[in-house]
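Undergrad: Fold the following and give me the result.
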Amino acid sequence: MVKYNIVELTDMELPKLQTIATELGLGEIKGIDKQALIYLILDQQAVSVAGMQKEKEAQKSETKPRRKPGRPPKNPPAETSETAAEKKEKKETAKEKEAEKPVVKRRGPGRPPKKKPEEVQEIDAEEKPAEKEKKTAEKPAVKRRGPGRPPKKKPVEEQPVDTEPILATEPMLEAEDTPAAEPQPIAQPMEVAEAPTVPEAETPDKPESGAAPEVKETPATPTVSADPKRTIFKHTTDTNSVLDQVLPMQPSTPQPKEKPSNDPKKRQPGQRAGNPNLRENAPAVPPPPLYDFDGILTATGVLEIVPDGYGFLRSSDYNYLASPDDVYVSASQIKLFGLRTGDLVEGPIRPPREGEKYFPLVKVDTINGRPTEEVRDRVPFDHLTPLFPNEKFNLTERRSPKVYDPYAVRVVDLFSPIGKGQRGLIVAQPKTGKTMLLKDIANAIAINHPEVYMIILLIDERPEEVTDMARSVDAEVIASTFDEPADRHVKIAEIVLNKAKRMVECGHDVVILLDSITRLARAYNTVQPASGKILSGGVEANALQKPKRFFGAARNIEHGGSLTILATALTDTGSKMDDVIFEEFKGTGNMELQLDRKLANRRVYPAVDIQASSTRRDDLLQDESTRNRLFIFRNYLADMNTIEAMEFVKKQMELTANNAELLASMNG
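TA: Model (predicted):
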């Protein structure tokens, strides 16, 4: 006779189960559902196996040799009566099951099929009969696998059945946690051994330590757990089945549920509602405070407006070129405050938010050192009225310790005075000391006129000179060394010029010391598109227009403000282009200071050609007494050559403390 286990019977269809039940001698199986029929087949199969074993034992006893007469007979075996009693009780149990017909909830659509291990394959017929007392609920659940039980196997794919298996992924509870079995209503559906599924908004009161995470169900493909699971079936207490003696039941007492909470503050960000790891009485941890860094830092930079309408504040640390320190200025702020390229803007900034690349400007505090209300209605630089310089820079009133040659400053202040708004040109051959002279003039202006904003622009110079100038001069140094391309020279010069113009519009006095204008003109000539019109020396016809505009921006403004530019120009370099550039700029300036290579070769410094150096309209810069005495002094020096005149002036300066004392000593 073929023996079936519960897994095999579950996989079969109802007609086949009815056929097996008929073969086992079960009558009136019509109208019984599949699950009840499976239990009837298992019970009848156990009874049949037990009966066959009893018959075999009876046949063996009959074939034994008969006892000789006279010997006392042994105790007759009581197995036959016990077998009959078992059959009778099994039939009564089957009739009770048929009468009860437990209503079993069918599996909903999309529920994964139950996974049952094949451990319930053979049921021993000599196990405890159904008439024994109900000791299952009272006995503690054994954690270890009983001796003789077959090892677990991989779950077999099955079709959905009417009953719901209990997937126990946690260890069995001890007997102390299991309450005594109470009479339960007939035909209870099977329950899951783990904690009941709580809605998203609910959390269990006392979560179990080993509770498994919630399993999402997919209608199309059933999920298969990686861990082996134990299948537990729960029956009513009055139904005596052999399976009750094999697998203990879990307590059916449902765990108390917490009322749904709609308070979002109790839920931590990033945690799902209904997480069994949360505790009911755990205090709600407030989210970390978000610090507001807006307005803490203040940025200052020169505005450069791009064609799209917005702009960036460029840093002087990067020579006003694009850098990581750039601050974004929106187009609305530019329109609101009337900002232009070159404006020196100061205001608070904030850190970039998600998706932003630059630090944006929160608000504008000052523009070129002035309040925003004053700057909004300013007159553009090109519409300001230019005048001759009428205020002189006093270079000798206070002596700066950084001035290398005080006699050079006195010579310039006496024979070529510099006024606010002067357009001065220092004409020199190579190695005549023009850079040192420029440095001394800058330091003299810085110490005697702190109200002046001074910029030193070095174009196409040596890197070591840039470092020396930045360390020895109290002024802002903007440089583009000779190893940089020509377009970089041009761009830096344009930014510096725009910055100076915007400051002059706001009434400031600005001084630009340019070294050198010849190399700046070369850079403009390099980036100028070919027009077909080339002057002598390879200079484009339109190449010198922009450098002339740069040099011609120096002017004294009516009603305040001035832009002073002192530029060096190279001559006698052996390049025809340099001579052409010098000739183009020669008549544009209103002050000229010439250096002589002969004096530099004799190590006479300052190597100034006194007869060739002068300032236009110097009468606006000096008083009448000084002009008269200077007129006599120049007539006296006119008969001398360059070397004799410079040596005489330097000797007289060594004997006097300042220029006023020098002119006063001419009486004797």
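
Undergrad: Which helix or strand contains I643?
TA: helix 642-655 (DSSP states H and E).

Undergrad: and that helix, average pLDDT?
TA: For helix 642-655, the mean pLDDT works out to 91.

Undergrad: Break down the stretch 501-650 of the chain into its strands, ranges please.
TA: 509-515, 555-557, 562-570, 591-594, 614-615 (DSSP state E, counting those that start in this stretch).

Undergrad: Can you check which of these gets nearest to S400?
TA: Among these, strand 509-515 comes nearest to S400, with 15.1 Å by C-beta to C-beta. Every C-beta, even on glycine, is put in place using the N, C-alpha and C of the backbone.

Undergrad: Name every strand pairing with that closest one and say which way it goes.
TA: strand 453-461 (parallel), strand 562-570 (parallel) (DSSP bridges).

Undergrad: Ok, which of the ones you listed comes nearest G424?
TA: strand 562-570 (4.4 Å).

Undergrad: helices or strands up against the longest helix anywhere in the chain?
TA: In the chain, assigned by DSSP state H, the helix with the most residues is helix 34-63. If you count contacts as 3 or more C-beta pairs under 8 Å, 6 or more residues apart in numbering; DSSP states H and E, helix 34-63 packs onto helix 6-11, helix 14-23, helix 79-100.

Undergrad: rank those by pLDDT, which is bottom?
TA: helix 79-100 (a mean of 57).

Undergrad: mind checking pLDDT for the closest residue to S323 other than its chain neighbours?
TA: Sequence neighbours aside, S315 is the residue nearest to S323 in space, at 5.6 Å (criterion: C-beta to C-beta, 6 or more residues apart in numbering). S315 is assigned 92 on the pLDDT scale.

Undergrad: Now for S315, how many residues are close by?
TA: Per other C-beta atoms under 10 Å, the neighbour tally for S315 reads 19.

Undergrad: Might you list the low-confidence residue ranges for the stretch 1-150 of the chain?
TA: Scanning the stretch 1-150 of the chain for pLDDT under 70 picks out 1, 63-150.

Undergrad: whoops, I mixed them up, the chain
TA: Ranges of the chain meeting pLDDT under 70: 1, 63-283, 290-292, 667-668.

Undergrad: Can you give the domain ranges for it?
TA: 6-54, 297-377, 387-666 (the TED database).

Undergrad: Please work out which of these is packed deepest.
TA: Of all the domains of the chain, domain 387-666 carries the top mean neighbour count, a mean of 18, counting by mean count of other C-beta atoms under 10 Å.

Undergrad: That domain spans what distance, first to last residue?
TA: 34 Å (C-alpha to C-alpha, to the nearest Å).

Undergrad: Return the distance of A446 relative to A475.
TA: Look at A446 and A475: by C-beta to C-beta, to the nearest Å, they are 6 Å apart.

Undergrad: Sorry, wrong one. I was asking about T300.
TA: In terms of C-beta to C-beta, T300 sits 17 Å off from A475.

Undergrad: Which elements pack onto the helix holding I643?
TA: Taking 3+ C-beta pairs under 8 Å, 6+ apart as the contact cut, helix 642-655 packs with helix 406-415, helix 597-601, helix 624-637.

Undergrad: how about the CA coordinates for the longest one, as PDB?
TA: In PDB, the C-alpha atoms belonging to helix 624-637 read as follows (Å, rounded to 0.1, in the frame of the first residue of the first chain):
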ATOM      1  CA  GLU A 624      54.200 131.600  -8.000                       C
ATOM      2  CA  SER A 625      57.400 131.800  -5.900                       C
ATOM      3  CA  THR A 626      58.300 128.200  -6.600                       C
ATOM      4  CA  ARG A 627      57.700 128.800 -10.300                       C
ATOM      5  CA  ASN A 628      60.000 131.800 -10.400                       C
ATOM      6  CA  ARG A 629      62.800 130.100  -8.600                       C
ATOM      7  CA  LEU A 630      62.500 127.000 -10.700                       C
ATOM      8  CA  PHE A 631      62.600 129.200 -13.800                       C
ATOM      9  CA  ILE A 632      66.000 130.500 -12.700                       C
ATOM     10  CA  PHE A 633      67.200 127.100 -11.800                       C
ATOM     11  CA  ARG A 634      66.400 125.600 -15.200                       C
ATOM     12  CA  ASN A 635      68.200 128.500 -17.000                       C
ATOM     13  CA  TYR A 636      71.300 127.700 -14.900                       C
ATOM     14  CA  LEU A 637      71.200 124.000 -15.800                       C
END
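
Undergrad: now the strands paired with strand 509-515 as a markdown table including distance to D365?
TA: As requested, the strands paired with strand 509-515 are exported to a markdown table (distance: least, C-beta to C-beta, whole Å):
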| stretch | distance to D365 |
| --- | --- |
| strand 453-461 | 18 |
| strand 562-570 | 25 |
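
Undergrad: Tell me which of those strands sits nearest to D413.
TA: The closest of the strands paired with strand 509-515 to D413 is strand 562-570. By C-beta to C-beta, the value is 13.3 Å.

Undergrad: Alright, I will stop here.
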